[in-house]
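Colleague: Give me the fold of what follows.
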Amino acid sequence: MFSNRKIILIIILLVTLSVTAYVLLVVIPARAARQTYEGAKEVAEDFRKAFQFTPEVKINRTVILQQQTPILELATVNQKFQHQYNWTNTWMNSKKVIKISGTMEAKAGFNLNEKFTIDIQGAEATVTLPEPKLLSIEPLGDITYEDENGYWNWVNNDDRSAALNAFTTDAREFAQTAALVNDARSQMETKITSILQAHGLAVTIRYDGTSTVIIPPAP
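Modeller: Take a look at the predicted model:
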């Protein structure tokens, strides 16, 4: 038979084991979960302040916060430039020309209808986002026309509409070949890195799974 002293020791041991198990299985995981969630919220809030939208945030591949995009596109670079274009039309060897010039504004950035996610695992964050692209190009209202009529092929209003469409298309092609899209990529990488490194994270940036940029943690 057990003595009273042994019974008391067994009871103390069982209570100690129960408390230890509760702390290990319930208290610590719950505390870690709260800390993980709070950390994810802080990262998401920093992105919201910087970009006016919240990306999807994952911790160890588990979604903690869903993506929230009140805007459909995120323009990170705006550029204004002067553009010129000569529209021509020839009829019965009679050529008419409309010379168009004016200021265009181009915007490059990201389509937020596509996934923008941050997956945090330990001290590393992997950001997946769409490739940057030219989002829009618009004339700024100072378009000028210089008409040159042919002998019997004269410029009319329909010609000016066609010329303006061709002018805009040519300006778009020019903007797409300029450094605008690359600038949008570079600026986004800089902002993303600044935010995540402030949380002590190394950063990997992936664009639609086609290219990857690995950025080491801040010293």
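
Colleague: Tell me the helices and strands packed up against the helix or strand residue 75 falls within.
Modeller: Secondary structure assignment for residue 75, by DSSP states H and E: strand 73-91. Using 3 or more Cβ pairs under 8 Å, 6 or more residues apart in numbering; DSSP states H and E, the elements in contact with strand 73-91 are strand 94-111, strand 133-139, helix 157-177, helix 180-197. No exception for glycine: its C-beta is placed from N, CA and C like everyone else's.

Colleague: what pLDDT does residue 150 get?
Modeller: We have a pLDDT of 78 for residue 150.

Colleague: Next: residue 26.
Modeller: 42.

Colleague: Need the nearest residue in space to the residue positioned nearest the centre of the chain, chain neighbours excluded.
Modeller: The centroid of the chain falls nearest to residue 110 when counting by Cα atoms, centre = their mean (4.9 Å). Nearest non-adjacent residue to residue 110, counting by Cβ to Cβ, 6 or more residues apart in numbering: residue 74, 4.7 Å away.

Colleague: Report the contact partners of the one you found.
Modeller: Contacts for residue 74 (Cβ atoms under 8 Å, 6 or more residues apart in numbering) come out as 51-53, 109-110, 112.

Colleague: Now, of these, which are buried?
Modeller: 51, 53, 109-110, 112 (16 or more other Cβ atoms under 10 Å).

Colleague: which stretches of the chain have low pLDDT?
Modeller: By pLDDT under 70, the low-scoring segments of the chain are 1-36, 71, 209-219.

Colleague: does the closest residue to residue 191 other than its chain neighbours count as helix, strand or coil?
Modeller: Spatial nearest neighbour of residue 191, chain neighbours left out: residue 50 (5.8 Å); criterion: Cβ to Cβ, 6+ apart. For residue 50, the assignment made with DSSP: H, G, I helix; E, B strand; the rest coil gives helix.

Colleague: about what we covered before: buried sites along the strand holding residue 75?
Modeller: Neighbour counts over strand 73-91 (16+ other Cβ under 10 Å) mark 74, 76-77, 79, 83, 85, 87 as buried.

Colleague: cool, and stretch 191-202?
Modeller: Those would be 192-193, 195-197, 201-202, for stretch 191-202 by 16+ other Cβ under 10 Å.

Colleague: Quickly check the residues you listed for the two that are furthest apart.
Modeller: By the measure Cβ to Cβ, 195 and 202 form the most distant pair in the buried residues of stretch 191-202, at 13.1 Å.

Colleague: Might one say that residue 81 is in contact with residue 137?
Modeller: No: look at residue 81 against residue 137 with Cβ atoms under 8 Å: they stay out of range, at 9.8 Å.

Colleague: Need the overlap of contacts for these two.
Modeller: By the contact definition Cβ under 8 Å, 6+ apart, residue 81 and residue 137 are jointly contacted by 104, 106, 175.

Colleague: Which one of the residues you listed sits in the busiest neighbourhood?
Modeller: residue 106 (24 neighbours; other Cβ atoms under 10 Å).

Colleague: Might one say that that residue is in contact with residue 136?
Modeller: Yes: the criterion here is Cβ under 8 Å, and residue 106 meets it with residue 136 at 7.2 Å.

Colleague: Pretty sure residue 120 sits in a strand.
Modeller: Yes: assessed with three-state DSSP, residue 120 lies in a strand.
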